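Engineer: Provide a 3D model corresponding to the input given below.
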Amino acid sequence: LAGINNIKQGTKIEIKPYVLGGVEIVNDEVKTTEKIGGEVNIDITPTLKLNFSVNTDFAQVEADRKRINLTRFSLFYPEKRQFFLEGKNYYEMNVGRTRTFYSRKIGIENGAEIPIIGGMRLFGKLNKTNIGVMSIQTNQKDSVPSTNYSVIRVKQDIWKQSSIGAIATQKYSENGYNRVYGTDFTYSTSEIFTNKNLLVGGSFAVSDTKVYGETENLNNDNLTYNVFLSYPNDVIEFDFSFKTVQQDFNPEMGFARRENYQMLYTELQFNPRVKKMPFFRNLIFKPLDINYYINEKTKEMESVFYEWRPFGFVSKSGEFMEFNVQHLFDKPTEDFELIDSIFIPAGEYWDNRFEILFSSFKGRKIAASAEINIGEFYTGNRQRYELYTYLNFNKHLNIGFDWQRNYVQLPEESFSTDEIGGRIDYAFNPKLQTSLFTQWNNEDNNVLMNFRINWIPKIGTFFYFVINQEYDTNNSIKLVRTTIIGKLIWRFTL
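Structural biologist: Numbering: from 1, shown residues only. Presented below is the predicted three-dimensional model:
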């Protein structure tokens, strides 16, 4: 653009206080809540923001989706709190699939909310440097002490598309501390073989853990590292990585699904375009997709996931289908509970499974996706079904529904799991919106409902009215908990 002069930066200081009031009813016992707090946002430059927060609150945030875990590893839950979603890319550094920083570790302990006293954040870009600095202090609750969570992340753009960076995190309380230091490098180009994409890089992190009053050394084998190569292109896609996580690596402000392993991952996929076929945009063939895990200490094979895709396609109208053949190995070294006192014994298990996935174009008024996975499962067999539907009626009303079922047959017992979720979003206009989210599964046997009204009287100002209800469905449908909250956030500028 030419001829545009004297452009000035907009509002530099934004003040957003809030006031909250609510009531919680549990088995006829009534508890009221009143709370005030707020944020101050300062635009240091158009691309660098400083934020201060006091009594940080997330009452308007929708509840997590409850999921049934039929594995021996932890499940990953995405961050939903807008406070942490804003600028989240400036704080992230992953070592393969291990996250050195995972914001859900702040203000949440074993699924329970921990009150946040306040904190500061600095995030954005200064010339070619991405900066993310955060320090949050949580309050004491029950047996959880007041804790400080801090992270510094810096990433420098180099050459045309590459980067080098570092991260440091610290969790500190009266019980001790946990620190993680890491660095990463990515070389990226879109000019390999004239016009193809290529990424090569690696990352490394070390943890430092101290529990006050204990003499055990927790930092003997405390490293993780990952090297990777990626060739993500239109017709041919290839990925390779090798990762190590030692047994004492402990990212308490991060997320690691498993520990003490080495993993080799490689995947090759072909996506040929078929111009002469009227329905298909491109076909999908995947001869190789393998995750091979060994124990980092003993070097014994721990688990294997191998998948090949003899056929798949993407249609010209946006539909997607794939058929996969899977071969799996798992070697739990001790018995683990699958669900409700049903245990899988330690041993070696080879499983073969078949999978079909289909998804229609989500831009249609009626869209759906489905998945069927059938095959062996440890000492028995499992059938897994997933269905997702989307009804996009108009600019005002959208409805979504999903259902996941597992039917497991084991020598000692057969059982099924069901997870159901539904969502209705209705927008009266751009300033007034409502949503209703409902979920249920047959492990918890609880219906959770979240109803929310969001009114925006002016830009940056919000009023939320939230009703959360929990119903026990074990024998009959019984209301056990109701929470009603009103929250007003008002925006001032200087």
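Engineer: Provide a list of residues in contact with L50.
Structural biologist: Residues near L50 by C-beta atoms under 8 Å, 6 or more residues apart in numbering: N41, I42, D43, I44, M120, R121, L122. From N, CA and C alone the C-beta is placed, and that goes for glycine too.
Engineer: Among the residues you listed, name the buried ones.
Structural biologist: N41, I42, D43, R121, L122 (16 or more other C-beta atoms under 10 Å).
Engineer: Please verify my assumption that the first one contacts N51.
Structural biologist: Spelled out, it's N41. Yes - contact criterion C-beta atoms under 8 Å: N41 and N51 qualify, at 5.3 Å.
Engineer: Among the contacts of L50, which pair sits farthest apart?
Structural biologist: Greatest spatial distance in the contacts of L50: D43 and M120, 14.8 Å, computed using C-beta to C-beta.
Engineer: okay, the contacts of L50 in CSV with pLDDT, distance to G312 and secondary structure next?
Structural biologist: Listed next are those as CSV, based on pLDDT from 0 to 100; distance: C-beta to C-beta, whole Å; DSSP: H, G, I helix; E, B strand; the rest coil:
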residue, pLDDT, distance to G312, secondary structure
N41, 96, 46, strand
I42, 96, 49, strand
D43, 95, 46, strand
I44, 95, 48, strand
M120, 97, 48, strand
R121, 98, 42, strand
L122, 98, 44, strand
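Engineer: Please tabulate those in JSON lines, including the columns distance to Y231.
Structural biologist: Shown next, in JSON lines, are these (distance: C-beta to C-beta, whole Å):
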{"residue": "N41", "distance to Y231": "41"}
{"residue": "I42", "distance to Y231": "43"}
{"residue": "D43", "distance to Y231": "39"}
{"residue": "I44", "distance to Y231": "39"}
{"residue": "M120", "distance to Y231": "41"}
{"residue": "R121", "distance to Y231": "36"}
{"residue": "L122", "distance to Y231": "36"}
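Engineer: out of these, which one sits closest to T100?
Structural biologist: Taking C-beta to C-beta as the measure, R121 is the one of the contacts of L50 closest to T100, at 17.2 Å.
Engineer: Show me the beta-bridge partners of the closest one.
Structural biologist: Beta bridges link R121 to N51, M134, judged by DSSP bridges.
Engineer: same question, the one 4 residues further on
Structural biologist: For K125, the beta-bridge partners are N130 (DSSP bridges).
Engineer: ok, it touching P46?
Structural biologist: No - using C-beta under 8 Å, K125 is not in contact with P46, being 9.6 Å away.
Engineer: Which one's more surrounded, the two?
Structural biologist: K125 (15 against 12; other C-beta atoms under 10 Å).
Engineer: Provide a list of residues in contact with that one.
Structural biologist: Counted by C-beta under 8 Å, 6+ apart, K125 has contacts T47, L48, I131.
Engineer: per-residue confidence for the second one?
Structural biologist: Just to be clear, that refers to L48. pLDDT recorded at L48 is 96.
Engineer: same question, the last one
Structural biologist: Among the per-residue scores, I131 holds a pLDDT of 98.
Engineer: The residue most central in space within the chain and N450: what is the separation?
Structural biologist: Centroid check for the chain by C-alpha atoms, centre = their mean gives P78 as the closest residue, at 2.6 Å. Distance of P78 to N450, computed by C-beta to C-beta, to the nearest Å: 16 Å.
Engineer: How about Q156?
Structural biologist: 42 Å.
Engineer: who's more crowded, these two?
Structural biologist: Neighbour count, other C-beta under 10 Å: between Q156 and N450, N450 has more, with 19 against 13.
Engineer: Distance from the lowest-mean-pLDDT helix or strand in the chain to the middle of the chain?
Structural biologist: The helix or strand of the chain with the poorest confidence is strand 112-113; it has a mean of 88 (mean pLDDT, DSSP states H and E). Relative to its parent chain, strand 112-113 has a centroid offset of 17 Å by C-alpha atoms, centre = their mean, to the nearest Å.
Engineer: Parallel or antiparallel, which strands does it pair with?
Structural biologist: Strand 112-113 is paired, per DSSP bridges, with strand 108-109 (antiparallel).
Engineer: Stretch 469-489: which residues count as buried?
Structural biologist: Q469, E470, Y471, T482, T483, I484, I485, G486, K487, L488, I489.
Engineer: That should have said stretch 363-377, apologies.
Structural biologist: A367, S369, A370, E371, N373, I374, G375, E376, F377.
Engineer: just stretch 200-209 next, same as before
Structural biologist: Within stretch 200-209, the residues scored as buried using 16+ other C-beta under 10 Å are V200, G201, G202, S203, F204, A205, V206, S207, T209.
Engineer: Reformat those residues as TSV; add distance to T493, pLDDT and secondary structure.
Structural biologist: TSV is the format used below for the buried residues of stretch 200-209 (distance: C-beta to C-beta, whole Å; pLDDT from 0 to 100; DSSP: H, G, I helix; E, B strand; the rest coil):
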residue	distance to T493	pLDDT	secondary structure
V200	45	98	strand
G201	41	98	strand
G202	44	98	strand
S203	40	98	strand
F204	43	98	strand
A205	40	98	strand
V206	44	97	strand
S207	42	97	strand
T209	44	95	strand
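Engineer: Among the contacts of K125, which one has the most neighbours?
Structural biologist: I131 (18 neighbours).
Engineer: Okay, it and R99: tell me how far apart.
Structural biologist: 19 Å.
Engineer: Same question for R273.
Structural biologist: When R273 is compared with R99 (using C-beta to C-beta), they lie 36 Å apart.
Engineer: which SS class is D239?
Structural biologist: strand (DSSP: H, G, I helix; E, B strand; the rest coil).
Engineer: go on, F83?
Structural biologist: With three-state DSSP as the criterion, F83 reads helix.
Engineer: Same question for R104.
Structural biologist: Going by three-state DSSP: R104 is helix.
Engineer: can you map out the strands along the stretch 351-494 of the chain?
Structural biologist: Per DSSP state E, counting those that start in this stretch, the stretch 351-494 of the chain carries strands over the ranges 366-377, 380-392, 397-409, 414-429, 432-441, 446-458, 461-472, 478-489, 492-493.
Engineer: For the closest residue to G380 other than its chain neighbours, give me the backbone phi and psi.
Structural biologist: Nearest residue to G380, sequence neighbours excluded (C-beta to C-beta, 6 or more residues apart in numbering): L410, at 3.9 Å. Backbone torsions of L410, given as degrees, to the nearest 10, read phi -120, psi 160.
Engineer: Just confirm L357 contacts A370, I think it does.
Structural biologist: Yes - taking contacts as C-beta under 8 Å, L357 lies within contact range of A370: 7.3 Å.
Engineer: Columns distance to E237 and mean pLDDT on top of the strands of the stretch 351-494 of the chain, output as TSV?
Structural biologist: Listed next are those as TSV, based on distance: least, C-beta to C-beta, whole Å; pLDDT from 0 to 100:
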stretch	distance to E237	mean pLDDT
strand 366-377	21	98
strand 380-392	24	97
strand 397-409	28	97
strand 414-429	31	97
strand 432-441	35	97
strand 446-458	38	96
strand 461-472	42	96
strand 478-489	44	95
strand 492-493	47	92
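Engineer: Contacts only, for the nearest residue to S162 once chain neighbours are set aside.
Structural biologist: Closest residue in space to S162, ignoring its immediate chain neighbours: Y187 at 4.8 Å, by C-beta to C-beta, 6+ apart. Contacts here follow C-beta under 8 Å, 6+ apart; on that basis Y187 touches W159, S162, L199, V200, G201.
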